[in-house]
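*Asks:* What would the 3D arrangement of this be:
(one chain, ligands or ions: 1)
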Amino acid sequence: VQTIGVLTSGGDAPGMNAAIRAVVRQALAKGKKVKGIKKGYAGLLAEEIIDMDATSVSDTISRGGTILQTARCLEFKEAEVQAKGAEICRKHGIDGIVVIGGDGSFQGAQKLARLGINTIGVPGTIDLDIACTDYTIGFDTAVNTAMEAIDKVRDTSTSHERCSVIEVMGRGAGYIALWCGIANGSEEILLPEKYDHDEEAIIKRIIEGRKKGKEHYIIINAEGIGHSQELAEKIEKATGVETRATILGHMQRGGSPTCKDRVYASTMGAYAVDLLCEGKSNRVVAYKNGEFVDYDIEEALAMQKTIPEYLYSISKDLV
Ligand code: ATP
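*Replies:* Predicted structure coming up:
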């Protein structure tokens, strides 16, 4: 490859800037040109393409969000639109692309690879819902942000002897909820992958806890289950314990990335460029069993993600 394009697609995640920076600097170190494609596949189609040099990414490693911005672009699922995307790449001299995003974004990347543009995916999502990798850019920062916020809610909840239903992000996945549940020592963790809808059992446990002198009751609820407000109302009605719902929301997506997110995102960005320089295409960078590796996109998308059973079982034992 001679000119490497880089884009961020799907939901933003803290650490994406570190990955973009690594792509730009590693490409330049290898004597390649770099172009930034703004707003994901939408920006590619609109030809929002900028030249990038070493200074384009100065002072960005500590910033949340993505300097290239991101977007969802549903029309990129259509074959003619994908062909137009590949044509625009060629027009701008882009013969390699690094796509930072989730599974959906990798599907777009796979299509571009089939159309002759060398393409590498880098996993960027706070949700950790990508099966081929144990790490995704942004999860560490998001889970730390949520953990700190939950600590704060817990302080006031204890003072008032309340029950709290705290909803964390994760879309259909329960990783943020599971990690916060353990890290915050919550009484209940509700994960979409495991939810049995037995709210009566939760109510029973709250009443028992109160009898034993528990001063608070923290329920971490995953976005994929939702209805936190209704659940709080139901609990209050059934138990007489004042119950509040807190939906943490978009604060979990922002903020300065943690050290881990900066270092891993930098490594993955550089690794993606190395793959392109070796003439590879249609690969996804991953972190598996303590190592940075890469998989064929098809193979990566076919993998199934599951909640780690041991983590889940101790989350129940440690309450
Ligand atoms: P996140 O999980 O953070 O939201 P994601 O990459 O999974 O990230 P999606 O909204 O699923 O987010 O996908 C992002 C973009 O990738 C879509 O808006 C679309 O442009 C492109 N995309 C998704 N699926 C396909 C597909 N089947 N073929 C081509 N492009 C796709």
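*Asks:* And Asp274, how close does it get to Leu28?
*Replies:* 13 Å (CB to CB, to the nearest Å). C-beta coordinates here come from the backbone N, C-alpha and C atoms, glycine included.
*Asks:* should've said Gly124
*Replies:* Gly124 is 21 Å from Leu28, where distance means CB to CB.
*Asks:* Also Val168?
*Replies:* 38 Å.
*Asks:* These two - which one has more neighbours?
*Replies:* Taking other CB atoms under 10 Å, Val168 and Leu28 do not tie; Val168 has more neighbours (32 against 17).
*Asks:* Am I right that Arg244 is in a helix?
*Replies:* No: counting by DSSP: H, G, I helix; E, B strand; the rest coil, Arg244 is not part of a helix but strand.
*Asks:* give the contact list for it.
*Replies:* Counting by CB atoms under 8 Å, 6 or more residues apart in numbering, Arg244 touches Ser157, Arg162, Cys163, Ser164, Val165, Ala232.
*Asks:* Tabulate these in a markdown table, adding columns for secondary structure, distance to Thr243 and pLDDT.
*Replies:* A markdown table is the format used below for those (DSSP: H, G, I helix; E, B strand; the rest coil; distance: CB to CB, whole Å; pLDDT from 0 to 100):
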| residue | secondary structure | distance to Thr243 | pLDDT |
| --- | --- | --- | --- |
| Ser157 | helix | 10 | 91 |
| Arg162 | coil | 6 | 93 |
| Cys163 | strand | 4 | 96 |
| Ser164 | strand | 7 | 97 |
| Val165 | strand | 7 | 98 |
| Ala232 | helix | 4 | 98 |
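*Asks:* Which of those residues sits closest to the ligand?
*Replies:* Closest approach to the ligand among these (CB to the nearest ligand atom): Val165, at 24.3 Å.
*Asks:* Show me what that closest one is bridged to.
*Replies:* Listed beta-bridge partners, Val165: Ile219, Ala245 (assigned using DSSP bridges).
*Asks:* Numbering from 46 from now on, please.
*Replies:* From this message on, residue numbering opens at 46, which makes the last subject Val210.
*Asks:* Tell me which residues touch it, please.
*Replies:* Applying CB under 8 Å, 6+ apart to Val210 gives the contacts Ile264, Asn266, Ser273, Leu276, Ala277, Ile280, Thr288, Arg289, Ala290, Thr291.
*Asks:* before we move on, what about Ala158?
*Replies:* If you count contacts by CB under 8 Å, 6+ apart, Ala158 has them with Thr164, Ser326, Asn327, Ile342.
*Asks:* Contacts for the helix or strand hosting Tyr355, please.
*Replies:* Assigned by DSSP states H and E, Tyr355 belongs to helix 354-362. With contacts defined as CB under 8 Å, 6+ apart, helix 354-362 is touched by Leu223, Gly226, Ile227, Ile234, Leu236, Lys239.
*Asks:* what comes up buried for that helix?
*Replies:* By 16 or more other CB atoms under 10 Å, the buried positions in helix 354-362 come out as Tyr357, Ser360.
*Asks:* do stretch 70-79 as well
*Replies:* Arg70, Gln71, Ala72, Leu73, Lys77, Lys78, Val79.
*Asks:* between those, which is nearest Ala218?
*Replies:* Checking the buried residues of stretch 70-79 against Ala218 by CB to CB gives Gln71 as the nearest, at 29.8 Å.
*Asks:* Give me the neighbour count for Ala187.
*Replies:* For Ala187, using other CB under 10 Å, the count is 34.
*Asks:* for Ile292, same thing?
*Replies:* 15.
*Asks:* pretty sure Ser273 contacts Gly294?
*Replies:* No: look at Ser273 against Gly294 with CB atoms under 8 Å: they stay out of range, at 10.9 Å.
*Asks:* out of these two, which sits in the busier spot?
*Replies:* Using other CB under 10 Å as the criterion, Ser273 and Gly294 rank with Ser273 on top: 22 against 12.
*Asks:* For Glu212, see how far away the more buried one is.
*Replies:* For Ser273 relative to Glu212 (CB to CB), the value is 4 Å.
*Asks:* what is in contact with the two at once?
*Replies:* Joint contacts of Ser273 and Glu212 (CB under 8 Å, 6+ apart) are Asn266, Ala290, Thr291, Ile292.
*Asks:* Check the secondary structure at the first one for me.
*Replies:* Following three-state DSSP, the label given to Asn266 is strand.
*Asks:* That one against Leu276, yeah?
*Replies:* Yes: look at Asn266 against Leu276 with CB under 8 Å: they come within range, at 6.8 Å.
*Asks:* Name the residue in those two with the higher neighbour count.
*Replies:* Set Asn266 next to Leu276 and count neighbours by other CB under 10 Å: Asn266 wins out with 29 against 21.
*Asks:* For the more buried one, list the residues it contacts.
*Replies:* Residues in contact with Asn266 (CB under 8 Å, 6+ apart) are Val210, Ile211, Glu212, Val213, Ala222, Leu235, Ser273, Leu276.
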